[in-house]
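Asks: Predicted model, plus sequence, below.
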Amino acid sequence: VNEPRRSFWGWGLEGVGATESERALIAAAIRTRMGVEPGAPERPPRIDDLRLRRPRITPPGALAAICSTDPYDRALHAYGRSYRDVVRGFRGLFPNPPDVVAYPRDEADIVRLLDHCSSAGIAAIPFGGGTSVVGGVEPAVGEAFAGTLTIDLSRLAGVLKVDERSRAVRVQAGALGPSVERVLAPLGLSMRHYPQSFEFSTVGGWIATRASGHHATLRTHVDDLVESLRIITPAGTLQTRRLPASGAGPAPDRLFIGSEGALGIVTEAWLRVQPRPRWRSSAAVRFGAFADGTGAARALAQSGMYPANCRLLDPTEALLAGAGDGSGAVLLVAFESADHPQEAALTRAVECARDLGGEPAEIRHRGPDDAAGPGGSAGAWRGAFLRAPYLRDVMVAMGMITETFETAVTWDRSDALDDAVLAAAEAGLRDAGAWPAIVTRRFTHVYADGPAPYYTVIAPGRRGSEIGQWDLAKTAVSDAIVASGGTITHHHAVGRDHRPWYDRERPDLFARGLGAAKAVLDPSWIMNPGVLVDPP
Ligand SMILES: Cc1cc2nc3c(=O)[nH]c(=O)nc-3n(C[C@H](O)[C@H](O)[C@H](O)COP(=O)(O)OP(=O)(O)OC[C@H]3O[C@@H](n4cnc5c(N)ncnc54)[C@H](O)[C@@H]3O)c2cc1C
């Protein structure tokens, strides 16, 4: 039996999209909530309809066995999965497919591929799960290269060893989230790292993009899970030492965490793991407006209690996720532990939120003997969170613009940033003719010194011009974020799409230092060109 394969244009596996009833619900919600008539759904393209440019390069005989120029392989690796990517894929627009896709079987294959790319002037693009939302895997590298070769890590996907004593797991970079958890679960362990893209993103991709899971505090980014790394660069291979901590100079693995394939290919990592939580206590606390709940979110972030969830949803966000009725904001709070019940922590958090104007509801406690997952607002929110990527494809087919953007900012500037971003989003969408629109927001993560606000836009698009419309709005909000003291990304990474704002955000001298590191590790500048840093 053939396994379903990944959709070459949309989210997930072919044939596993949204259901008919989900489609009908979305159309009805667009009508009633926005007063907009959704377009009749267009049909997605078939692989046989695509007319891809002929490959400009031919892999040498020794590499031919691991290389493909099959149209499906080239289309699948032409984009990540941002809104812009899904629209272009859906319309069958593939101006820059990789010329060749390679599937290395081991590290020796990767060394041979990088040697070949360096000597032949071919751009090499590392590819994990292809869920980048910032143009990180798109082979749009200009004309300076003989061609583009995407290096897909899916054959290096083993979970090699679990060190239960030190609580760490050794994993190959191409491993998808669920495959690592399947090995850890019987041992009572977990990475506790759940990006929304968990099912289809890889350990190597998380490390290369500094991905963030959905837990709201403490180890939010993968950075803190990484104990050591193994990397193949065009200049050689390096392995960092496994250590719980070290004060020995700048940490070598930190240079590669977030390097987005521009310095080399992560082939393996030791990641810290934890006992699986067995107790969970949660509540949904209602507030009037979003701004009424930010004080409680800040108080909890600064309380030293470190809730696993501390997600403030604005009224519309709560409504769309089924976590509220749209009349007020909702703060979802939860504590988890592998060791002891969490009633006391939740009671304290609820008391704190009540003091700051919240109305707590849906207080739930679960222990090791309770089988059911989280119900109520938290359960509804979680369900909506996991279905969202499939539903986005349906909205694209109906001609709707639907995308998210995110940042992080210190508390002293967060209110002003929020005002500036909402104003810029409205102005940008109106200028683009994408109005009436819905712009919702939530805090995905909260730190003692500031929140990570996350915005979702749903707007009517003009078929064929939606990308230009979205780009106008995205430029306006990105300008507002950086001008308001935020970062261009809390966890989506830089890629090609965020480069202009990343360049403004980082110190020039740092950019030169990074360029110098790249010149040593990648002397022919063939690794993922256009991402992070350009040749001098
Ligand atoms: C619906 C959806 C939800 C998402 N939710 C989240 C979320 O909750 N949190 C979050 O952080 N992100 C999220 N993302 C973004 C994306 O999933 C992350 O950036 C993820 O870490 C990418 O992993 P990947 O394996 O798919 O990498 P890819 O998309 O394949 O690659 C991403 C970048 O890393 C490089 N790269 C990949 N593998 C390697 C390697 N082994 N060595 C060197 N470089 C490599 C690529 O060249 C590229 O620059 C989401 C994306 C989508 C579409």
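Replies: Good, I have the coordinates. Numbering: from 1, shown residues only.
Asks: what residues does the stretch 1-150 of the chain put near the ligand?
Replies: The interface of the stretch 1-150 of the chain toward the ligand, taken as Cβ under 6 Å from any ligand atom, is made up of 80-81, 125-133, 136-137. (Each C-beta comes from the backbone N, C-alpha and C, glycine too.)
Asks: how does it look with 8 Å?
Replies: With Cβ under 8 Å from any ligand atom as the criterion, the stretch 1-150 of the chain comes near the ligand at residues 11, 80-82, 125-134, 136-137.
Asks: Could you find the closest non-adjacent residue to whichever residue of the stretch 51-200 of the chain sits closest to the ligand?
Replies: Among the residues of the stretch 51-200 of the chain, residue 128 lies closest to the ligand, at 2.6 Å counting by Cβ to the nearest ligand atom. Taking Cβ to Cβ, 6 or more residues apart in numbering as the measure, residue 128 lies nearest to residue 205, with 3.1 Å between them; neighbours along the chain are not counted.
Asks: helix or strand for the one you found, which one?
Replies: Residue 205 is part of helix 203-209, with elements assigned from DSSP states H and E.
Asks: Now do that helix: distance to the chain's middle.
Replies: The gap between the average C-alpha position of helix 203-209 and the chain average comes to 10 Å, counting by Cα atoms, centre = their mean, to the nearest Å.
Asks: Residues contacting that helix, please?
Replies: Among residues not part of helix 203-209, those counted as contacts by Cβ atoms under 8 Å, 6 or more residues apart in numbering are 126, 128-129, 131-132, 136, 153, 171-175, 177, 180, 193, 195, 211, 222, 226, 229, 256-261, 265-267, 269, 271, 491-493.
Asks: returning to that earlier point: burial count for the residue nearest to residue 128?
Replies: Residues within reach of residue 205, counting by other Cβ atoms under 10 Å, total 32.
Asks: Of all the residues in the stretch 251-400 of the chain, which one is nearest the ligand?
Replies: Of all residues in the stretch 251-400 of the chain, residue 261 sits closest to the ligand, with a separation of 2.9 Å (Cβ to the nearest ligand atom).
Asks: again, but for the stretch 201-350 of the chain
Replies: The stretch 201-350 of the chain approaches the ligand most closely through residue 205 (2.1 Å), counting by Cβ to the nearest ligand atom.
Asks: so where's the protein shaky on pLDDT?
Replies: 1, 371-372 (pLDDT under 70).
Asks: got the residue ranges for the helices in the stretch 151-300 of the chain?
Replies: With helices called from DSSP state H, counting those that start in this stretch, the stretch 151-300 of the chain shows them at 177-184, 203-209, 252-256, 290-301.
Asks: Would you point to the one among the ones you listed that's packed deepest?
Replies: Mean neighbours per residue, mean count of other Cβ atoms under 10 Å, is largest over those for helix 203-209, with a mean of 30.
Asks: pull the CA atoms of that one into CSV?
Replies: Once non-C-alpha atoms are left out, helix 203-209 reads as follows in CSV (Å, rounded to 0.1, in the frame of the first residue of the first chain):
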residue,chain,number,x,y,z
VAL,A,203,14.8,18.5,14.7
GLY,A,204,17.4,20.0,12.3
GLY,A,205,14.9,22.6,11.1
TRP,A,206,14.0,23.5,14.6
ILE,A,207,17.6,24.0,15.5
ALA,A,208,18.4,25.9,12.3
THR,A,209,15.4,28.3,12.9
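Asks: and stretch 312-330, which residues are buried?
Replies: 312-321, 323-324, 328-330 (16 or more other Cβ atoms under 10 Å).
Asks: Keep only those of those that are in helices.
Replies: Using DSSP state H to define helices, the subset of the buried residues of stretch 312-330 located there is 315, 316, 317, 318, 319, 320.
Asks: wait, what's in contact with the last one?
Replies: Pointing back at residue 320 there. Contact criterion Cβ under 8 Å, 6+ apart gives 29, 384, 438, 440 as the residues in contact with residue 320.
Asks: Need the max-distance pair from these.
Replies: Distance extremes for the contacts of residue 320: the farthest pair is 384 and 438 at 14.6 Å, using Cβ to Cβ.
Asks: quick one: which of these two has more around it?
Replies: Comparing residue 384 with residue 438 by neighbour count (other Cβ under 10 Å), the higher total belongs to residue 438, at 19 against 15.
Asks: could you list every residue that touches the more buried one?
Replies: With contacts defined as Cβ under 8 Å, 6+ apart, residue 438 is in contact with 33, 34, 316, 320, 456, 457, 458, 459.
Asks: Try it again at 10 Å.
Replies: 29-30, 33-34, 36, 316-317, 319-320, 402, 429, 456-459 (Cβ atoms under 10 Å, 6 or more residues apart in numbering).
Asks: do the same with residue 367
Replies: Residue 367 is in contact with 278, 279, 280, 281, 340, 341, 342, 343, counting by Cβ under 10 Å, 6+ apart.
Asks: Which PyMOL command selects the buried ones in the residues you listed?
Replies: Remark: buried members of these, expressed as a PyMOL selection using 16+ other Cβ under 10 Å:
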select buried, resi 278+279+280+281+341+342
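Asks: Counting only strands, which of the contacts of residue 367 make the cut?
Replies: With strands defined by DSSP state E, the entries of the contacts of residue 367 inside them are 279, 280, 281.
Asks: For the first one, name its beta-bridge partners.
Replies: Residue 279 has the following beta-bridge partners by DSSP bridges: residue 337.
Asks: Roughly how far does it sit from residue 505?
Replies: Here residue 279 is placed at a distance of 40 Å from residue 505 (Cβ to Cβ, to the nearest Å).
Asks: same check, this time on residue 245
Replies: Remark: distance between residue 245 and residue 505 (Cβ to Cβ) = 28 Å.
Asks: which of these two has more neighbours?
Replies: When neighbours are counted by other Cβ under 10 Å, residue 245 and residue 505 differ, and residue 505 comes out ahead with 16 against 6.
Asks: I figured that one hits residue 479, correct?
Replies: No - look at residue 505 against residue 479 with Cβ atoms under 10 Å: they stay out of range, at 11.9 Å.
Asks: Good, we can wrap up now.
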